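here is the input, now give the coordinates:
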Amino acid sequence: MTFLLAHLSDAHIGPIPRPNLAELLGKRVTGYVNWLYKRAGQHDMGVLSRLVEDMKAQKPDHVLMTGDIVNIGLPAEIALARDWLASLGGPEEVSYTPGNHDAYVADATQLVHEVFAPWTAGETAAAGFPYLRRRGGVALIGLDSGVPTGPFIASGRLGEEQLSALGALLEQTKAEGLARVVFLHHPPHVGGARILRGLDDAAAFEDVIARHGAELVLHGHNHKPSLAHIAGPLAAAPVVGVASASARPGGHYPAAAYNLYSIGREGDRLRINMRQRGLNEAGEVVEMAAVDL
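Have a look, this model is predicted:
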């Protein structure tokens, strides 16, 4: 049996509801100005709708959304983003993990964790990250790399507690014979993002994969497709980044796209095929690439 997994990221739901002066204290001031003069022209909700419509037509078994669902973490933004995430599917069908924009300030981080909790609920009594969901022979392991940072900084961090728990989950699900898919917002390999934008403990994440292995690692954040590898105990783990799901064609970043992964076994061999679907210059959603990982 083949499991079809869809992955999209960096929706940046807009437009931002008009904030009051109290809400613009601190980092949100620069973020709001950035939205008005830059990001509002880059992210198009019509583009996002066309992409999601196409994704739903592929009938994936499960959807991963890897963060930056909002822009500056306003409560009104988070409410709109929850409705959008619910439109993708219920918590049984969709899994989410926060990005740096979702953790823009400390109070937004707490609210995001509360509002999106149904889409981050694992299979154990303990709440929080990492969380594990088993679906069709696949172990989906969600990590939270979103932490509040200062102005003009977009880095992330996992921390020792998450990394230790990740190692245990990788060993547990390996023993169960599951295909292990790890997903988070920031690129988790060393050199995966520009300075002040990367995962602070990427080297420690690589060490976990080196010891325990993983079949696939997925992330967003860079607003462009990418493929890298992290060494594992038996084989290297593919690390795949996806474009923003709302990026207009012809902009600073590649046009909106999402990825589809067909995960299945042929005898003792695991096969993972990735298809990238995204907007062409005419604004149509088409097949962009296909590769066996």
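
give me the below-cutoff pLDDT ranges for the chain.
For the chain, the stretches flagged by pLDDT under 70 are 125-126.

okay, the lengthiest helix in the chain in PDB with CA atoms only?
Across the chain, the longest stretch assigned as helix under DSSP state H is helix 160-175. Output in PDB follows, covering the C-alpha atoms of helix 160-175 (Å, rounded to 0.1, in the frame of the first residue of the first chain):
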ATOM      1  CA  GLU A 160      18.000  19.500  24.200                       C
ATOM      2  CA  GLU A 161      14.700  18.200  25.500                       C
ATOM      3  CA  GLN A 162      13.100  18.000  22.000                       C
ATOM      4  CA  LEU A 163      16.200  16.500  20.500                       C
ATOM      5  CA  SER A 164      16.500  13.800  23.200                       C
ATOM      6  CA  ALA A 165      12.800  12.900  22.800                       C
ATOM      7  CA  LEU A 166      13.200  12.900  19.000                       C
ATOM      8  CA  GLY A 167      16.000  10.300  19.300                       C
ATOM      9  CA  ALA A 168      13.800   8.000  21.400                       C
ATOM     10  CA  LEU A 169      10.900   8.300  19.000                       C
ATOM     11  CA  LEU A 170      13.100   7.500  16.000                       C
ATOM     12  CA  GLU A 171      14.300   4.400  17.700                       C
ATOM     13  CA  GLN A 172      10.800   3.300  18.800                       C
ATOM     14  CA  THR A 173       9.300   3.800  15.300                       C
ATOM     15  CA  LYS A 174      12.200   2.100  13.600                       C
ATOM     16  CA  ALA A 175      11.600  -1.000  15.700                       C
END
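
what strands line up against the helix or strand following it, and which way round?
Per DSSP states H and E, the first helix or strand lying C-terminal to helix 160-175 is strand 179-183. Here strand 179-183 is paired, per DSSP bridges, with strand 138-142 (parallel), strand 216-219 (parallel).

could I get the buried residue list for the longest helix of the chain?
Residues 162, 163, 165, 166, 167, 169, 170, 173, 174 are the ones in helix 160-175 that count as buried (16 or more other CB atoms under 10 Å). C-beta coordinates here come from the backbone N, C-alpha and C atoms, glycine included.

okay, now residue 23: neighbour count?
Using other CB atoms under 10 Å, residue 23 has 19 other residues around it.

ok, the closest residue to residue 140 other than its chain neighbours to residue 123 distance?
Excluding its sequence neighbours, the residue lying closest to residue 140 (CB to CB, 6 or more residues apart in numbering) is residue 133, at 4.4 Å. Between residue 133 and residue 123 the computed distance is 6 Å (CB to CB, to the nearest Å).

more neighbours: which of those two?
Shown here are residue 133 and residue 123; by other CB under 10 Å, residue 133 has more neighbours (18 against 9).

what's the helix or strand where that one lies packed up against?
Element membership of residue 133 [criterion: DSSP H and E] is strand 131-135. Judged by 3 or more CB pairs under 8 Å, 6 or more residues apart in numbering; DSSP states H and E, strand 131-135 is in contact with strand 138-142, helix 160-175.

can we see that at 10 Å?
strand 94-96, strand 138-142, helix 160-175, strand 179-183 (3 or more CB pairs under 10 Å, 6 or more residues apart in numbering; DSSP states H and E).

give me the phi and psi angles of residue 235.
phi -150, psi 150 (degrees, to the nearest 10).

by contact count, what packs against the helix or strand where residue 63 lies?
Per DSSP H and E, residue 63 falls inside strand 62-65. Under the contact criterion of 3+ CB pairs under 10 Å, 6+ apart, strand 62-65 touches strand 3-8, helix 45-57, helix 75-88, strand 94-96, strand 138-142, strand 179-183, strand 257-266.

dump it to CSV, restricted to CA.
The C-alpha trace of strand 62-65 is given here as CSV (Å, rounded to 0.1, in the frame of the first residue of the first chain):
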residue,chain,number,x,y,z
HIS,A,62,-2.4,13.3,5.0
VAL,A,63,-1.2,17.0,4.9
LEU,A,64,1.7,18.6,6.6
MET,A,65,1.8,22.4,7.1
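
list the buried residues in it.
Quick answer for strand 62-65 (16+ other CB under 10 Å): 62, 63, 64, 65.
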